[in-house]
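Peer 1: Turn this into a structure:
(one chain, ligands or ions: 2)
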Amino acid sequence: MRILLIGYGKMGHTIERLALAKGHEIVGALIVDDADKLASYTAEQVDVAIEFTSPDAAMGNILTCFEKNIPVVVGTTGWLQHLPFIQEKCEELKGSLFYASNFSVGVNLFFHFNEYVAQKMQQYPEYSVQVKEIHHVHKLDKPSGTALSIADGILKHFPQKHGWINDVSPEPELLGVVSEREGEVVGTHIVQYTSENDTFELNHIAHSREGFASGALLAAEWLPGRQGIYGMNDLLQL
Ligand SMILES: NC(=O)C1=CN([C@@H]2O[C@H](COP(=O)(O)OP(=O)(O)OC[C@H]3O[C@@H](n4cnc5c(N)ncnc54)[C@H](O)[C@@H]3O)[C@@H](O)[C@H]2O)C=CC1
Ligand SMILES: O=C(O)C1=N[C@H](C(=O)O)C[C@H](O)C1
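Peer 2: Ligands and ions are numbered 1, 2, ... in the order given. Okay, the predicted model is just below:
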């Protein structure tokens, strides 16, 4: 496949390495100053674009891909407040978008276990629940996109909670999502249930970026030829 990398940082480099090892071709790798260059690519030159940039850049890049009729796989986090607009544009321009807050297969299994546990734990009010995420100091957004997906999965089963707060929660009606930034930590997510008597946790610890990159490549191989917005549940059929 001919892949255009939009964003050539930590993830762009990891995806390039795995893509070349699988026999794919990288037709371009754009960094921030190349933003205008994206519009110069056509669907005849590119089978799929893979976008890992920054929260401010993602929406513009997605719209350009829709306009150029290039299917786009997006891993950038921190832009989901624009999702309703992107859904509208995707429909209007017959775009093709695959988004995941986390492309690791392990994390997507974690999302399912998280919901199962939340459904059970909601019946035991003696336990309080908190989400914690730990990432490297370069990360621009908080909470992480993955922590927000985890929070959504918990809130779905706790009707008494009306939202989340990016801190230790001051009240039981809000889910606490705590963010820590530490060295070069790749990505750790923890769901913690605590009662007076005990604590138990679900942990996911990413050891490298390869799990994210290989999931993004699977999505890039799957997306071309499909119109609409897709995610890991469509790909993995979990
Ligand atoms: N969904 C997932 O599985 C994962 C998502 N991420 C997310 O992906 C994003 C990128 O992560 P990293 O690669 O670690 O960041 P990074 O900072 O190492 O790289 C970002 C790259 O994007 C480029 N860039 C910024 N604005 C751009 C624009 N308008 N056009 C083209 N390039 C642009 C920068 O020059 C840089 O090369 C972050 O939002 C992060 O949270 C990271 C890892 C996994
Ligand atoms: O910025 C990162 O590095 C990561 N971002 C994603 C997120 O915000 O959840 C996924 C992963 O945890 C690494």
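Peer 1: okay, CA-based contacts and neighbour counts for the rest of this
Peer 2: Fine.
Peer 1: which of the residues in stretch 193-211 are buried?
Peer 2: Neighbour-count burial for stretch 193-211, with 16 or more other CA atoms under 10 Å as criterion, is recorded at 193, 203, 206, 209-211.
Peer 1: and of the residues you listed, the nearest to Glu88?
Peer 2: Top of the list for closeness to Glu88, among the buried residues of stretch 193-211 and by CA to CA, is Gly211 at 30.9 Å.
Peer 1: doesn't Val107 make contact with the closest one?
Peer 2: No: using CA atoms under 8 Å, Gly211 makes no contact with Val107, being 9.3 Å away.
Peer 1: The protein against ligand 2: which residues are in contact?
Peer 2: Proximity of the chain to ligand 2, by CA under 6 Å from any ligand atom, involves residues 77, 101-102, 139, 144-146, 186-187.
Peer 1: Could you list which of those residues also contact ligand 1?
Peer 2: 77, 101-102.
Peer 1: Which strands or helices does the lengthiest helix in the chain pack on?
Peer 2: Counting residues, the longest helix found in the chain (DSSP state H) is helix 105-121. Counting contacts by 3 or more CA pairs under 8 Å, 6 or more residues apart in numbering; DSSP states H and E, helix 105-121 packs against helix 145-155, strand 199-205.
Peer 1: what's the angle from it to strand 199-205?
Peer 2: 160 degrees (axes from the mean of the first three to the mean of the last three CA atoms, to 10 degrees).
Peer 1: Determine the next helix or strand in the C-terminal direction from helix 105-121.
Peer 2: The first helix or strand that comes after helix 105-121 along the chain, using DSSP states H and E, is strand 128-135.
Peer 1: Domain boundaries for the protein, per the record?
Peer 2: 2-103+210-236, 105-205 (automatic domain parsing).
Peer 1: coming back round to it: max pairwise distance over the buried residues of stretch 193-211: which two?
Peer 2: For these, the farthest-apart pair by CA to CA is Tyr193 and Glu210; their separation is 29.5 Å.
Peer 1: residue nearest the centroid of the protein?
Peer 2: The centre of the chain sits closest to Ser101, judged by CA atoms, centre = their mean, with a distance of 1.1 Å.
Peer 1: isn't Glu67 right up against Leu93?
Peer 2: Yes: using CA under 8 Å, Glu67 is in contact with Leu93, at 6.7 Å.
Peer 1: Work out for me the element Phe98 sits within.
Peer 2: strand 96-99.
Peer 1: what comes into contact with that strand?
Peer 2: The contact list for strand 96-99, computed with CA atoms under 8 Å, 6 or more residues apart in numbering, reads 62, 66, 69-75, 90, 219, 223-224, 226-232.
Peer 1: I appreciate the help and will end here.
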